[in-house]
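Visitor: sequence plus predicted model, see below.
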Amino acid sequence: MAFASVLGFLANLESSIGLEAFPKYRQEGAEKSDAPFLLFFVGFTLLVYLLETYLDLRQHRNLKAGTPPPTLLEVLKTVDEDNKGLEAVSKVESKFSASQAYGLDKSRFHFFDSTFDLVVGLTTNLLGWMPWLWDVSSGLVAKAGLGDWGGDIPTSLTFVVLTMVLQTLIGLPFSLYSTFVVEAKHGFNKQTLGLFFADKVKSMLLTVVISVPVLSCVLKIIELGGKHFYVYVWAFMFCFSILMLTIVPTVIMPMFNTYSPLEDGELKSSIENLAKRVSFPLTNLFSVDGSKRSAHSNAYFYGFFKNKRIVLYDTLIKQADTNEIVSILGHELGHWKMSHTLQGFVISQTYLLASFCAFGLATELGESLRLSFGYSTSATLITLYLFFAVMWAPVDHLLGVFMNVLSRKNEFEADAYAVKLGYSKGLQSGLVKLQLENLGNMNPDPWYSAFHYSHPPLVERLQAMRTDIGIKRE
């Protein structure tokens, strides 16, 4: 009764503010819905936008500060015992204005980008652009003579491909501005226009080639799986995830970058010694030409069981010395030693199973959900799309915050692992150097970073390496 009362209240509210007149375009036979899902979507979208904009404004204010935060400078003075702490303070002070300018440019761009996304998201749903695109897709399938093949699957696939293409075209000016104006202004972009568009085309083709058969299978499994379809969908997606973990680093990523065996020398020997020390089953060491796209740096490992590979960006090799790189890899291997990667995989698979289970429980609301957005079709894809975009959205956002909290906890643990291996000095100086080279945010707002950052701010990591229980200063 309470739930029915809430629905009745929301339905009256939807009518009183005029939302019952939307969406403007409705498919033939799409009557008014008896549930206020459109109102919920609009309200939740605005709520998230206002919350994130408030946090962005807090961070934007911090980016206008003219001097580094005193806490950061005090911590930097203790980076190590060889007077490099004072050297780090000097470098931070000299780079601070450049970091702030880079952050302000990204912040201004983000305000415009996020507002544009809000307007597009609301107007397309209020005007009924997506139901219209479904009708266009259905017409194209009929003209191609595929209307009697596979039920709604041909129309569903056409709809998805058209949506991806249109979203890419809409976002293209923003991507170009971010890459060739913001990133280029601060010396990070190394791409040419030709490489930029080649990447876009390859990414789009790969997405279509991979997503079309996968989506076809998911829709077919839902159709034939009965009331426990979510178990079969999860099993299929689990196998697909394993496949992607295998082919992405070995097949797909080499389509975009060149991976070369790391040259013999001090760096290679030091990394191999680290791997032996912690029993990391290292089989290959690669350097990747990340510098042909960006001056930002990175390092990561991948592989299953006894077949692990480490990849270093050439930018990282140029920006940090051997001890710092090995110290940073000590942190990365800490993630492996404490099973953080496996933890993330288990969480993602649990989330996937839970989301499809919830979708199964909510299927009885499918018709009301579709009617709220102007659809008369009963296609599984539309119900699935609307469920994740509307009903599951709050769960998605809460999980995102939880995952950031968990990620920051894991980063502290990996730092502690590297410190216990004896890499405190190298890790601290390496983190400071990468922060400076990448013009990272040196003055984060605590609320903003808590909500958005998957990694703790630099000052918190340096403090933890000095004060965490059981971690002694070298």
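Guide: That came through, no problem. Numbers count the residues shown, from 1 in each chain.
Visitor: so how far is K268 from V288?
Guide: 15 Å (C-beta to C-beta, to the nearest Å). Glycine gets a C-beta too; all of them are placed from N, C-alpha and C.
Visitor: which of the two has more residues huddled nearby?
Guide: V288 (22 against 16; other C-beta atoms under 10 Å).
Visitor: okay, now the nearest residue to E437 once chain neighbours are set aside: neighbour count?
Guide: Computed as C-beta to C-beta, 6 or more residues apart in numbering, the closest residue to E437 that is not its neighbour in sequence is Q319, at 4.6 Å. By other C-beta under 10 Å, the residues close to Q319 number 19.
Visitor: hmm, V432 and Q319 touching each other?
Guide: No. The pair Q319 / V432 is not scored as a contact, 11.3 Å apart, by C-beta atoms under 8 Å.
Visitor: on the three-state scheme, I310 is what?
Guide: strand (DSSP: H, G, I helix; E, B strand; the rest coil).
Visitor: could you check the pLDDT of it?
Guide: pLDDT, I310: 89.
Visitor: mind listing what the closest residue to it other than its chain neighbours touches?
Guide: Spatial nearest neighbour of I310, chain neighbours left out: F301 (4.7 Å); criterion: C-beta to C-beta, 6+ apart. Contact analysis of F301 by C-beta atoms under 8 Å, 6 or more residues apart in numbering lists K308, R309, I310, V311, E332, L333, W336.
Visitor: and if we set it to 10 Å?
Guide: The contact partners of F301, by C-beta atoms under 10 Å, 6 or more residues apart in numbering, come to 249, 275, 280, 282, 285, 308-311, 329, 332-333, 335-336, 341.
Visitor: where does the prediction get shaky in the stretch 201-350 of the chain?
Guide: Regions of the stretch 201-350 of the chain meeting the criterion pLDDT under 70 are absent.
Visitor: where exactly do the helices run in it?
Guide: In the stretch 201-350 of the chain, the segments counted as helices under DSSP state H, counting those that start in this stretch are 229-247, 266-277, 314-319, 322-337, 340-361.
Visitor: mind putting those helices in a markdown table, distance to E31 included?
Guide: Listed next are the helices of the stretch 201-350 of the chain as a markdown table, based on distance: least, C-beta to C-beta, whole Å:
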| stretch | distance to E31 |
| --- | --- |
| helix 229-247 | 28 |
| helix 266-277 | 64 |
| helix 314-319 | 58 |
| helix 322-337 | 53 |
| helix 340-361 | 24 |
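Visitor: ranking those by burial, who's on top?
Guide: Most buried of the helices of the stretch 201-350 of the chain, by mean neighbour count (mean count of other C-beta atoms under 10 Å): helix 322-337, with a mean of 21.
Visitor: of all the helices of the stretch 201-350 of the chain, which one is nearest L205?
Guide: The closest of these to L205 is helix 229-247. By C-beta to C-beta, the value is 15.2 Å.
Visitor: got the CA positions of the closest one in PDB?
Guide: C-alpha atoms of helix 229-247 as PDB (Å, rounded to 0.1, in the frame of the first residue of the first chain):
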ATOM      1  CA  PHE A 229      17.900 -16.600 -17.600                       C
ATOM      2  CA  TYR A 230      20.200 -14.400 -15.500                       C
ATOM      3  CA  VAL A 231      22.300 -17.400 -14.500                       C
ATOM      4  CA  TYR A 232      22.900 -18.300 -18.100                       C
ATOM      5  CA  VAL A 233      23.600 -14.600 -19.100                       C
ATOM      6  CA  TRP A 234      26.100 -14.300 -16.300                       C
ATOM      7  CA  ALA A 235      27.800 -17.600 -17.300                       C
ATOM      8  CA  PHE A 236      28.100 -16.400 -20.900                       C
ATOM      9  CA  MET A 237      29.400 -13.000 -19.800                       C
ATOM     10  CA  PHE A 238      31.900 -14.600 -17.400                       C
ATOM     11  CA  CYS A 239      33.300 -16.600 -20.300                       C
ATOM     12  CA  PHE A 240      33.300 -13.500 -22.500                       C
ATOM     13  CA  SER A 241      35.200 -11.500 -19.800                       C
ATOM     14  CA  ILE A 242      37.900 -14.200 -19.600                       C
ATOM     15  CA  LEU A 243      38.200 -14.100 -23.400                       C
ATOM     16  CA  MET A 244      38.500 -10.300 -23.400                       C
ATOM     17  CA  LEU A 245      41.100 -10.300 -20.600                       C
ATOM     18  CA  THR A 246      43.100 -12.600 -22.900                       C
ATOM     19  CA  ILE A 247      42.700 -10.900 -26.300                       C
END
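Visitor: returning to what we had before: any idea how far the residue nearest to E437 is from H110?
Guide: In terms of C-beta to C-beta, Q319 sits 26 Å off from H110.
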